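Undergrad: need coordinates for the below:
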Amino acid sequence: MYDRKKESLINKFDDLSKQNTKRISSRYIKQIQGIEKLIEIQSKIASYFAGLWNAPGMAIKQHREFLPLLFISFHKNFFTFYSAYKLTIQGLYGPARPLMRNIFEALMISKFCFLSDNPTVLKKWDSGQIGRSGVGKIGGRAKLTI
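TA: So this is what the prediction gives:
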C-alpha cells in the first residue's frame with residue numbers, strides 16, 4: 001500500500017471497494033434487501049406525512065419554533081442512513097459508524113425533547129452544545145445536561 005512503485009491508492013481502494021461490494025452483497029443478500037425495504041417503507045410513510053409538519057394540530061406540544069430543526073434532522077437522516085448503508089456494503093464499516101451514531105443521537109434527542117416537553121435540550125442541540133457525536137462527552141461517556 002505504501003510502495004511508491006505500486007498502483008495509486010485511489011485505484012486500490014476502488015478495486016477493494018468493488019470486491020467487498022460483490023462479496024457482501026452476495027453473502028448478506030437477505031439483510032440488504034431488508035434494509036432497502038425499510039428505507040423504502042420509511043420514505044413512503046414520510047411522503048404521506050411530511051406535509052403535516054406545519055399543520056396546526058401537529059403533536060409537538062407548544063414548542064413549534066423547533067419544527068424546522070426537527071424536520072431538517074428527520075430529512076437529513078435519510079441521506080445519512082443511505083450513506084452509512086452504502087459504506088457498509090463497500091466494507092467501510094468504520095466510516096459508517098459515526099454516521100449511524102449521528103442518526104441515533106438525533107432520534108434520541110428528538111424523542112427525549114418530545115417526551116420531556118423541555119425546550120432547553122432542543123435549544124442546546126440547535127446551538128451545537130449537545131449531540132453531533134462527541135460534543136458534550138466527559139470521560140468517554142455521553143453526558144446530557146439540561
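
Undergrad: report the central residue of this structure.
TA: When C-alpha atoms, centre = their mean is applied to the chain, the residue found nearest the centroid is Ile103 (3.0 Å).

Undergrad: can you check the pLDDT for it?
TA: Ile103 carries a pLDDT value of 88.

Undergrad: with Gly140 instead?
TA: On pLDDT, Gly140 comes in at 39.

Undergrad: if we can go back for a sec, isn't the residue nearest to the centre of the chain up against Tyr82?
TA: No. The pair Ile103 / Tyr82 is not scored as a contact, 10.7 Å apart, by C-beta atoms under 8 Å. From N, CA and C alone the C-beta is placed, and that goes for glycine too.

Undergrad: now do the contacts for the residue nearest to the centre of the chain.
TA: Contacts for Ile103 (C-beta atoms under 8 Å, 6 or more residues apart in numbering) come out as 77, 80-81, 84.

Undergrad: now Arg23: how far from Leu92?
TA: Between Arg23 and Leu92 the computed distance is 13 Å (C-beta to C-beta, to the nearest Å).

Undergrad: between the two, which has more neighbouring residues?
TA: The neighbour count for Arg23 versus Leu92, taken as other C-beta atoms under 10 Å, is higher for Leu92 (16 against 12).

Undergrad: ok, and what's touching stretch 18-37?
TA: By C-beta under 8 Å, 6+ apart, stretch 18-37 touches 85, 88-92.

Undergrad: farthest pair within the residues you listed?
TA: Greatest spatial distance in the contacts of stretch 18-37: Tyr85 and Gly91, 12.7 Å, computed using C-beta to C-beta.

Undergrad: if we can go back for a sec, could you dump the contacts of stretch 18-37 to TSV with distance to Ser73, pLDDT and secondary structure?
TA: Formatted as TSV, the contacts of stretch 18-37 follow (distance: C-beta to C-beta, whole Å; pLDDT from 0 to 100; DSSP: H, G, I helix; E, B strand; the rest coil):
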residue	distance to Ser73	pLDDT	secondary structure
Tyr85	18	94	helix
Thr88	21	94	helix
Ile89	24	94	helix
Gln90	26	94	coil
Gly91	28	92	coil
Leu92	24	92	coil
